[in-house]
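# sequence and predicted structure are below.
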Amino acid sequence: MGIPLSLTVNGQVVNVDVDPRTLLVQLLRETLQLTGTHVGCDTAQCGACTVHLNGRAVKACSMLAVQAQGGVVTTIEGLSQDGALHPMQAAFRECHGLQCGFCTPGMVMASVQLLQDKPAASEQEIREGLEGNLCRCTGYHNIVQAIQFCQRGSVAASA
Ligand code: FES
Ligand code: FES
């Protein structure tokens, strides 16, 4: 029998009955059809499933949907505002921070969190901050450049 679950996803209130074993990533991808959140490993190692829960980046494959009860979830689909890319998304595009794109949604969500926590993060801190997110294509160089590009934009915007 399902458990009634109520949460907010990308600004929309969602009320569903879920099997208690349902993972948050399954709820997002299979029930809500938000397939921008990817599954790369299912074992909390690759970060492809990174979303924000109550303003913090979490790996949605490593928690149960019911643990998000009453919470506020943002996925990559909810990051843009009024049709405009989030500055981090725009920076990844500008700096070619992706190749196949598989890691990109999780990488962007983790990067947004990284700069929220440390707006002036050094290159080393950015590299360390991305340790939980794996990319098989880019060698990380352009991803780091994208985050630094976003950093400079944020500084310019707040100056
Ligand atoms: Fe969640 Fe890899 S699918 S960390
Ligand atoms: Fe292909 Fe990162 S762009 S896995």
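Now that the structure is in, tell me what you want to look at. Numbering: from 1, shown residues only. Ligands and ions are numbered 1, 2, ... in the order given.

# mind listing what's buried in stretch 137-152?
Within stretch 137-152, the residues scored as buried using 16 or more other CB atoms under 10 Å are 138, 140, 142-151. Glycine gets a C-beta too; all of them are placed from N, C-alpha and C.

# what's that stretch in contact with?
Contacts of stretch 137-152 from elsewhere in the structure, counted by CB atoms under 8 Å, 6 or more residues apart in numbering, are 87-88, 90-92, 94-100, 102-103, 107, 111, 114-115, 119-121, 123, 126-127, 130, 135.

# return the subset of the residues you listed lying in helices.
Among these, the members found in helices (DSSP state H) are 87-88, 90-92, 94, 107, 111, 114-115, 123, 126-127.

# show the buried residues in the residues you listed.
Judged by 16+ other CB under 10 Å, buried ones among these: 87-88, 90-92, 94, 107, 111, 114-115, 126.

# can the longest helix belonging to the chain be said to contact ligand 2?
In the chain, with assignment by DSSP H, the single longest helix is helix 141-158. No. Residues of helix 141-158 are not located near ligand 2 by CB under 6 Å from any ligand atom, the shortest gap being 7.8 Å.

# angle of that helix against helix 87-94?
If you take axes from the mean of the first three to the mean of the last three CA atoms, to 10 degrees, helix 141-158 sits at 130 degrees to helix 87-94.
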